[in-house]
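Can you look at this prediction? I've put the sequence above it.
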Number of protein chains: 2
Amino acid sequence: MRIVVLAGGIGGARFLRGLKRAAPDADITVIGNTGDDIHLFGLKVCPDLDTVMYTLGGGIDEERGWGRTDESFRLKEELAAYGVGPGWFGLGDRDFATHIVRTQMLAAGYPLSAVTEALCDRWQPGVRLIPMTDDRVETHVAVTLPADDPAGTAAGAAAQTAGPGERRAIHFQEYWVRLRASVPAEAVVPVGAEQAKPAPGVLEAIAGADVILFPPSNPVVSIGTILAVPGIREAIADAGVPVVGLSPIVGNAPVRGMADKVLAAVGVESTAPAVAEHYGSGLLDGWLVDTVDAACVERVEEAGIRCRAVPLMMTDVDATTRMAREALALAEEVRSV
Amino acid sequence: MRIVVLAGGIGGARFLRGLKRAAPDADITVIGNTGDDIHLFGLKVCPDLDTVMYTLGGGIDEERGWGRTDESFRLKEELAAYGVGPGWFGLGDRDFATHIVRTQMLAAGYPLSAVTEALCDRWQPGVRLIPMTDDRVETHVAVTLPADDPAGTAAGAAAQTAGPGERRAIHFQEYWVRLRASVPAEAVVPVGAEQAKPAPGVLEAIAGADVILFPPSNPVVSIGTILAVPGIREAIADAGVPVVGLSPIVGNAPVRGMADKVLAAVGVESTAPAVAEHYGSGLLDGWLVDTVDAACVERVEEAGIRCRAVPLMMTDVDATTRMAREALALAEEVRSV
C-alpha cells in the first residue's frame, strides 16, 4: 500500500510514528511543509522537515517535541553574548549541525529535496520525506503589534518595517514562537506559494497513492500551506483515492499548539466540523473527529464527508497507532462505497 | 607609547599578554595573520585572530592554547555523524558562534577588519586588533603525500586534486593540523598575498608607531605571511623606529609548534641567528635570543642587528612580561644609538 501524508511539525511527526506501526509494510511518502522555514544566523532552518526526520529517526527530544534529544544550547548562548539574535528561537548545539549541513549543500547548488534526502540518509526515518517545494515559500502573519512590543523581527522577505502599534507582516515563526500567537492573526499569507512548483516526486507520489492522509496538523499554516503550492491540491483531488483527515481540533480547542489563532484569520471557527468543511468535500472523503465531538459527525456527513468519532489524543504511540488504523479503516470504507 | 605588533596565533597571543602587563599604558595595535584562515562547513574561520582575541579577552582554553575555555564538541560530533568533515580541525560548540557571527557579517558585506572590530567589542582584548588584509590570502604548502594518505583535503582555492604519492598544494591548516607537519614542506606559498592590500589602519599604525615588535611567532607562516602583503614590509622598514624581534627558536628547536618544518621550506636553518638573518638588518634592528643561544649573539650583531640573550620561555605571564620588557628595553637601546 502506498500512503501519502501531508505533514507539518510535531502533530504530523507523531501521527507518522503511529502510522508506521499501523502499516509496517506500507510505502509512506511524506510531503513536508516548508512554509515555516526560516533563515537564522545565515543558516537555513526547516523546523517541520526536521521534526519529522528527528521524530521518525529516533533523534527527537520527546518532551519538547522539537529539536534533538540530550541537547545543549551553548552556541546560542554565545551568539547572545555577541548580541546576535533572535534569542527566541531555540537552536541547540546538536541541531545546529543539521542546519550547517543543509546550508552548505544548498550553497553548493543542491535543491532542498536532494538535501533532505541526504540528511535522511543518516536518520533513516522509514518514510520518504519530500519538501512540498524546492522554491522559497515563507508564511507571513499580518498582526498589529502591541504598543510595548520590542518590534524585533526575523528577516522575512516581505516583512515590512513598522513600529509597535502599526500593522505589519511578520514571519510565522516570529508570530508563533516569539509572540506565542498572543495577538490576533489578521491574515496568514504563504508568501511565494503562488510561484512555487511542487518538489520532484510530490505529484508523482500523489498520483501513485492508494490513500492520502491529513494528520492532525495545523490546517492553515501546515497542511494549508502545502495545499497552497499550485498543483498539489488539484493532484490530490484528481488522484481518485480516499483522502482522509484527522481533526486537530478536539472539543473546540486545538489538541496542541494554537491552531485556533490562525483559523480565525482565515474565517474558520475552531471546531472539528468547521475544519472539515474548510478542506471541503471536493478534497476530503473522510474525517475523524474525537469521541467528545461525536455530536458533530452528522454535520460533517451532511457536508458530503464520511465521518467517524474515535479517540484522537496522541497520548502515546499505542494511541497514535490506533488513530492511524482508524484513518486507514475509514479510507477503506470510503473506497468501498 | 604606540606599539605595533605583528602576530600569529598562540605564541603571538601569549607574548601580547605579557606586553600588556609590561606596558600597561601603551597603545598597542596588533596586525594579525590571516593566511591560515580557512573555510570550514561554510564558515569563515580565522584561527590566529581568534587566538589573539580569546587570549587577551579571557576566553581562551589555557591548556590547549586555542579555542574557548570550558568547551564542548557536540556540534562537530554531529557533523561527523552526517559524514561531513573535516574531522581533524577542532571547532568547539562555543567557538562556532564566533565563526557564525563573522560569516554572517562578511555575507552582509562588512570587510574582515570591521568584523574583527565588532567581535572585539565583546572580548575587549585591550589592544586594537587588525587583520593584515581584508583580502583573501591563503597559505598553501607543497607536499608529497605519503602513499597511504587518505588524501582528504580542506577546500583550498589553489589546492590541486591529486592522489597519495603525488606532489600537491594543501591548505596550511591541513599541513599543520591534519598532517602535523609529518612530511617535508617543499614550498610555502601565501596564495593571494601579492594582490592583497593592507587592511585599513595597518599602514597608518605602522607609520605612527614608536616601536614595532615581532613576537616569537612563526617567522614563515605567521610573520612572514604578514610581511608578504605588499606595503607592510616597506612601511616597517620606512617607519624609522626600532623594530625588535624575539626568537621563536631556542636551542635550535622551535619553542612551540613546528616552525623548523616550514623554515626548511624557505631554506632557513632552524637556529635563532638564522631567523634574524632571514628577516634581515634592513627590517630588524634588534633581536632577542634565549640565554641558551648566548653564543650566537655575536653572529647576529655581525649581521647588523643588535642582539641580547635573555630567557625566552613563555612559561607563565610573569616570564612573558619580563620578555616584553626586555624587548622594549632593547628597542630603547637601539633608538638611542
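Structure's in. What do you need?

Find the helix or strand that the residue of the stretch 101-250 of chain A at minimum distance from chain B is a member of.
Among the residues of the stretch 101-250 of chain A, residue A:104 lies closest to chain B, at 4.3 Å counting by Cβ to the nearest Cβ. C-betas here are computed from N, CA, C, even on glycine. According to DSSP states H and E, residue A:104 maps onto helix A:93-107.

neighbouring contacts of that helix?
A:40, A:42-46, A:50, A:67-68, A:70-76, A:91, A:112, A:114-115, A:118-119, B:41-43, B:72, B:74-79, B:81-82, B:84, B:93, B:96 (Cβ atoms under 8 Å, 6 or more residues apart in numbering or on different chains).

show me where pLDDT drops low in the stretch 151-300 of chain A?
Applying pLDDT under 70 to the stretch 151-300 of chain A flags the ranges A:151-164.

Run through the strands of it in chain order.
With DSSP state E, counting those that start in this stretch applied, the stretch 151-300 of chain A shows strands at A:167-171, A:187-191, A:211-214, A:243-246, A:249-250, A:253-254, A:286-289, listed in chain order.

repeat for the stretch 1-150 of chain A
Under the criterion DSSP E, counting those that start in this stretch, the stretch 1-150 of chain A contains strands at A:2-7, A:27-32, A:38-40, A:43-45, A:128-131, A:138-144.

Export those to JSON lines and append columns for distance to chain B.
Listed next are the strands of the stretch 1-150 of chain A as JSON lines, based on distance: least, Cβ to the nearest Cβ, whole Å:
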{"stretch": "strand A:2-7", "distance to chain B": "22"}
{"stretch": "strand A:27-32", "distance to chain B": "19"}
{"stretch": "strand A:38-40", "distance to chain B": "10"}
{"stretch": "strand A:43-45", "distance to chain B": "8"}
{"stretch": "strand A:128-131", "distance to chain B": "16"}
{"stretch": "strand A:138-144", "distance to chain B": "19"}
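
among those strands, which is nearest residue A:236?
Closest to residue A:236 of those is strand A:2-7 (Cβ to Cβ; 8.2 Å).

For the closest one, buried residues please.
A:3-7 (16 or more other Cβ atoms under 10 Å in any protein chain shown).

between these, which is closest to residue B:260?
Nearest member of those to residue B:260, counting by Cβ to Cβ, is residue A:7, at 59.3 Å.

and the gap between the nearest residue to the closest one once chain neighbours are set aside and residue A:56?
In space, and not counting its chain neighbours, residue A:7 is closest to residue A:30: 5.1 Å by Cβ to Cβ, 6 or more residues apart in numbering or on different chains. The gap separating residue A:30 from residue A:56 is 9 Å, by Cβ to Cβ, to the nearest Å.

Repeat that for residue A:331.
Distance from residue A:331 to residue A:56, by Cβ to Cβ: 21 Å.

quick one: low-confidence ranges for the stretch 1-150 of chain A?
Checking the stretch 1-150 of chain A against pLDDT under 70 turns up A:150.

how about residue A:285, what does it touch?
A:242-244, A:305-306, A:331, A:334.

Then residue A:311?
A:290-291, A:319, A:322-323.

Pretty sure it sits in a helix.
No. Assessed with DSSP: H, G, I helix; E, B strand; the rest coil, residue A:311 is coil; it does not lie in a helix.

re the thing from before, of all pairs in the contacts of residue A:285, which one spans the longest distance?
That would be A:305 and A:331, which, of the contacts of residue A:285, are the farthest apart (Cβ to Cβ) at 12.6 Å.

Now for those two: what residues contact both?
Shared contacts of residue A:305 and residue A:331 (Cβ under 8 Å, 6+ apart): A:285-286.

how close does residue A:221 sit to residue A:185?
Counting by Cβ to Cβ, the gap from residue A:221 to residue A:185 is 9 Å.

and if you look at residue A:303?
In terms of Cβ to Cβ, residue A:303 sits 25 Å off from residue A:185.

ok, those two, which is more surrounded?
Neighbours per residue, other Cβ atoms under 10 Å in any protein chain shown: of residue A:303 and residue A:185, the larger number sits with residue A:185, 24 against 17.

Show me what from the stretch 101-250 of chain A comes close to chain B.
Proximity of the stretch 101-250 of chain A to chain B is confined to A:101, A:103-104, A:107, A:119, A:122 under the rule Cβ under 8 Å from any Cβ of the partner chain.

Report the buried members of those.
Looks like those have A:101, A:103-104, A:119, A:122 buried, using 16+ other Cβ under 10 Å.

show me what contacts the nearest residue to residue A:188 once chain neighbours are set aside?
The shortest distance from residue A:188 to any non-neighbouring residue, by Cβ to Cβ, 6+ apart, is to residue A:265 (4.9 Å). Counting by Cβ under 8 Å, 6+ apart, residue A:265 makes contact with A:141-142, A:184-188, A:220.

the longest helix in chain A is where?
Identified as the longest helix of chain A according to DSSP state H is helix A:317-336.

All good on my end, thank you.
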